[in-house]
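In: no FASTA, just this:
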DNA sequence: GGCAGATACTTTAGGCTTCATCTATTCAGG
DNA sequence: CCTGAATAGATGAAGCCTAAAGTATCTGCC
């Protein structure tokens, strides 16, 4: 999560000055995202002793009480399969998640929250949402809607051009 | 860089439905940021064989031709000092950066781009900016200005409330 | 001068992440 | 059935990142 600074103005970079706009926009986006993410990580760690990736994985499972296969988790979390293996291993060790055999495919697992995991997640999710509401306080509904729309367009532009 | 999904609607989370807005906003922000970052990392790796943190560190140095101390790099990059130690070590090994003695303080280093580092960075920065311009294509000046302003407010709100 | 606390940096342990590679299983055509 | 390709997941190496602890140096105060 770096904070790129590429705006030294006295250097010719080969694109028009007007286009520095795109670079500035991306850097500011990154900064905002990092500020919130950093704070959330810190609070998850301090209050619940959990990491953001583990919380994220549990949140996926909470939305799918029937369980998810490893590759489904990988897709939903947008990380590689090997990464999911490690995070699930940790959560299993902590008793928050369980690996069940998938009868229809002996290569696969069905990963589910345990009862303890479900209970723990409910509490963490409540706190997490409170934190985010708090961090974004002072953002009016109008502003927040405008930002949502612009970000939707940004997402589309990025997907189309990558 | 996870992709949190916390919006299962049929679960009581303890905050009003209206406030899910904040959560959705943060998740979308995270997604956008990840999409761009992922693409930039991939291209830096594929075309220049460099990582984003190393590129970031070099970009800080490029803006400060007189060199930076380790703790200044740490502050600018928003990462811990130990992290900077590792990244500088790598870049020194690659000959892109050099550690000079700081005469006024024997505890400190002055880190600078080498001539080779400066040359390499110029080329990478040019490509990097082109990529970002490309990814954000189709964003009008008006939209981009509006987004910049909203993100500035978001940054301020986050800083004030964390 | 000398000492206590602060500062600059490094080191270590633990965790996340990717890519490349590996094993086991499934699937599709013959 | 059998075999080759695809798929599910695990593993290992390398890199980024943090927090905590350690070393060396500096600074301010007596």
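Out: Nice, I can see it. Predicted model, so just to flag it, every value in this text is computed and none were measured.
In: can the lengthiest helix in chain A be found next to chain B?
Out: If you go by DSSP state H, chain A has its longest helix at helix A:20-43. Yes. Helix A:20-43 is in contact with chain B by Cβ under 8 Å from any Cβ of the partner chain, via A:20-26, A:28-39. Bear in mind the C-beta positions are built from the backbone N, C-alpha and C, glycine included.
In: stretch A:58-67 too?
Out: Yes. On the criterion Cβ under 8 Å from any Cβ, stretch A:58-67 is in touch with chain B at A:59-60, A:62-63.
In: closest one of those residues to residue B:83?
Out: Nearest to residue B:83 among the residues of stretch A:58-67 next to chain B, counting by Cβ to Cβ, is residue A:59 at 27.5 Å.
In: figure out the helix or strand that the closest one lives in.
Out: Using DSSP states H and E, residue A:59 sits within helix A:52-62.
In: same question for residue A:111.
Out: Counting by DSSP H and E, residue A:111 is found in strand A:109-113.
In: what lies in contact with that strand?
Out: Applying Cβ atoms under 8 Å, 6 or more residues apart in numbering or on different chains, the contact partners of strand A:109-113 are A:58, A:61-62, A:65-70, A:73, A:88, A:96-102, A:121.
In: is it in proximity to DNA strand C?
Out: No. Using Cβ under 7 Å from any atom of the strand, strand A:109-113 stays clear of DNA strand C, with a minimum separation of 11.7 Å.
In: quick one: the following helix or strand past that strand near DNA strand C?
Out: Next helix or strand after strand A:109-113 toward the C-terminus (DSSP H and E): helix A:115-135. No. Helix A:115-135 lies out of reach of DNA strand C by Cβ under 7 Å from any atom of the strand, never closer than 14.0 Å.
In: flag every buried residue along helix A:115-135.
Out: By neighbour count on 16 or more other Cβ atoms under 10 Å in any protein chain shown, the buried set for helix A:115-135 is A:117-118, A:120-121, A:124-125, A:128-133, A:135.
In: closest to DNA strand D among these?
Out: Nearest to DNA strand D among the buried residues of helix A:115-135: residue A:131, at 15.8 Å, using Cβ to the nearest atom of the strand.
In: what about the residue lying closest to residue A:41 once chain neighbours are set aside, how many residues close to it?
Out: Once flanking residues are discounted, residue A:41 sits nearest to residue A:52: 4.9 Å by Cβ to Cβ, 6 or more residues apart in numbering or on different chains. As a burial measure, residue A:52 scores 18 neighbours (other Cβ atoms under 10 Å in any protein chain shown).
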